[in-house]
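Undergrad: just a sequence and a predicted model for now, questions to come.
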Amino acid sequence: MNRRKILTSVVLCAGLLGCTQAPILKVYSLDVPEVQKVNNSAYKQKVIKVSFPQSLREQMSQKMNFSYSHNDYGTYMNSEWSNHMSKLLQGTVIDVLDSSKLFKAVLPDTTTLKVNYRLESNIFAFEHQVRGKASHSIISIQFTLIDTNTGKLVKSKRFTYKESTQSIDAEGYASATNTAIESLSKDLVGWLR
């Protein structure tokens, strides 16, 4: 093949590739909900560390998970969370607890400071669940409060939410997830109080 034909082929291929458009990647995040400030807290002079959330069953990543049954699940191809879901959850919990003024200070698990309490969390479910025409954002997280001075369990509770979506897509899922996170945040502050 001579040089002119090769060049024409390359220009033609490049032109065709330039005309096709890849689907746009949509990125979603968690909104930090407003919570009521706590005036009289037993933890007012205490410092808490919020550990990085762990998951035993869910695969946590930046991908948005969905399922059509217990055996039929996947991730959205053109939509994702703005960060690793565990990081988004940890950051949201830190922001919520900080704005609630329950504690003197709320720190991430990377801190080297001595703290009075550690809040651990285990994620059991975090997905878009579609069953027939029913579509829900499902969140199930267990929180455990530990006294770091004694290493003893103070208390533990599992929070579960099933929020209906307005549409059966990633956008509907993200919106319903933010509604569920708002409920979780208020319940978490009330429980720690």
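TA: Noted; the coordinates are in hand. Model, not experiment: these values are computed from the prediction.
Undergrad: in contact with the closest residue to D109 other than its chain neighbours, which residues?
TA: Nearest non-adjacent residue to D109, counting by Cβ to Cβ, 6 or more residues apart in numbering: S51, 4.6 Å away. C-betas here are computed from N, CA, C, even on glycine. By Cβ atoms under 8 Å, 6 or more residues apart in numbering, the residues touching S51 are Q90, D109, R118, L119, E120, S121.
Undergrad: lowest-confidence member of those residues, which is it?
TA: pLDDT is lowest at D109 among the contacts of S51; the value there is 92.
Undergrad: so what's that residue up against?
TA: Contact analysis of D109 by Cβ under 8 Å, 6+ apart lists K49, V50, S51, F52, Q90, R118.
Undergrad: ok but L30 is inside a strand, no?
TA: No. In this structure, L30 is coil, not part of a strand, as judged by DSSP: H, G, I helix; E, B strand; the rest coil.
Undergrad: against Y173, how distant is it?
TA: L30 sits at a distance of 12 Å from Y173 (criterion: Cβ to Cβ, to the nearest Å).
Undergrad: who has more neighbours, those two?
TA: Y173 (28 against 21; other Cβ atoms under 10 Å).
Undergrad: Three-state assignment for that one, please.
TA: Quick answer, by three-state DSSP: Y173 is helix.
Undergrad: same question, the one 4 residues further on
TA: With three-state DSSP as the basis, T177 sits in helix.
Undergrad: and it, what does it touch?
TA: T177 sits in contact with L30, S137, I139, E163, where contact means Cβ under 8 Å, 6+ apart.
Undergrad: can you check S164 too?
TA: Counted by Cβ under 8 Å, 6+ apart, S164 has contacts A134, S135, H136, A176.
Undergrad: so where do the helices sit in the chain?
TA: 3-19, 85-100, 170-192 (DSSP state H).
Undergrad: which elements pack onto the second one?
TA: The one in question is helix 85-100. strand 47-50, strand 105-108, strand 117-131, helix 170-192 (3 or more Cβ pairs under 8 Å, 6 or more residues apart in numbering; DSSP states H and E).
Undergrad: which parts of the second one are buried?
TA: By neighbour count on 16 or more other Cβ atoms under 10 Å, the buried set for strand 105-108 is V106, L107.
Undergrad: packing partners for that strand?
TA: Short answer (3+ Cβ pairs under 8 Å, 6+ apart): strand 105-108 packs on strand 47-50, helix 85-100.
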